[in-house]
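Q: Provided below are the primary sequence and the corresponding predicted coordinates.
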Amino acid sequence: MKTKRAIIISIATVAFVLAAIFGIVRQTQPVRAQDQPPPVPDRISFGMVGITAGQTVRINIANTIMPNDSGWPPGPTRVVMSFRGMNGQLIRNRNGEVVRKAVDLERGDSTFLDFDFDQLPPGPIRAQLRAVIVAFPPGPTDGEQPPPIGESIAATVDVINNANGRSTLVMYTSPAMAHGFNPQPDPPLGQ
């Protein structure tokens, strides 16, 4: 009886040790060195706009980095444009697809994304939405992070009347405003 108990304890101990060794070896992950940190995306959000039948909302983006600007790493700036609803949900068209456009903008290039009210699923007679841009700057070349993307992207949002092509509203986000710069001067001291 004592021998049988000793054998069972020995087998259980060996099984436990083998399971522990297997678990340690299996969980060991190889470490991969990364020369430089990946680019950090930047986000530009606009306020809400309303569109109704016969109107289109457009996001316009321009990459304002000059071709010879050595302050930025070489390569394009990747931008992803989309629209969000009042509760932050992504806007979808009648087919259920997310209204989104991703583009690699070379220095000096521009692009836009249009969304016509008639592309919305049936619902209210007015849609409230806001434009959101996520931009990924070119990757650093010497281990330094580039300046904030707001210093290289100019963006506007238009609401366009489909009948005559005229803009009924234009919202502009200057690069400085995208990062909290207040263009108002400080009042003189003593006032």
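A: Cool, got the structure.
Q: going forward, measure contacts between C-alpha atoms and count neighbours the same way
A: OK.
Q: quick one, strands of this protein?
A: Secondary structure of the chain (DSSP state E): strands at 42-45, 49-52, 55-63, 77-84, 100-105, 110-116, 126-136, 153-161, 167-173.
Q: now these in CSV, with distance to Gly71?
A: Listed next are the strands of the chain as CSV, based on distance: least, C-alpha to C-alpha, whole Å:
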stretch, distance to Gly71
strand 42-45, 18
strand 49-52, 35
strand 55-63, 14
strand 77-84, 14
strand 100-105, 17
strand 110-116, 20
strand 126-136, 16
strand 153-161, 15
strand 167-173, 22
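Q: can you tell which of these is closest to Asp69?
A: Closest to Asp69 of these is strand 55-63 (C-alpha to C-alpha; 12.3 Å).
Q: helices or strands up against that closest one?
A: Counting contacts by 3 or more C-alpha pairs under 8 Å, 6 or more residues apart in numbering; DSSP states H and E, strand 55-63 is packed against strand 110-116, strand 153-161.
Q: for these, which one ends up most surrounded?
A: strand 153-161 (a mean of 21; mean count of other C-alpha atoms under 10 Å).
Q: each with direction, which strands does that one pair with?
A: strand 55-63 (antiparallel), strand 167-173 (antiparallel) (DSSP bridges).
Q: just the CA trace of that strand, in CSV.
A: Presented in CSV, the C-alpha positions along strand 153-161 are these (Å, rounded to 0.1, in the frame of the first residue of the first chain):
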residue,chain,number,x,y,z
ILE,A,153,-1.8,68.4,-43.1
ALA,A,154,-4.3,71.1,-44.1
ALA,A,155,-7.9,70.0,-44.0
THR,A,156,-11.3,71.4,-44.7
VAL,A,157,-14.9,70.1,-44.7
ASP,A,158,-17.5,71.5,-47.2
VAL,A,159,-21.2,71.0,-47.4
ILE,A,160,-22.0,71.3,-51.1
ASN,A,161,-25.4,72.0,-52.8
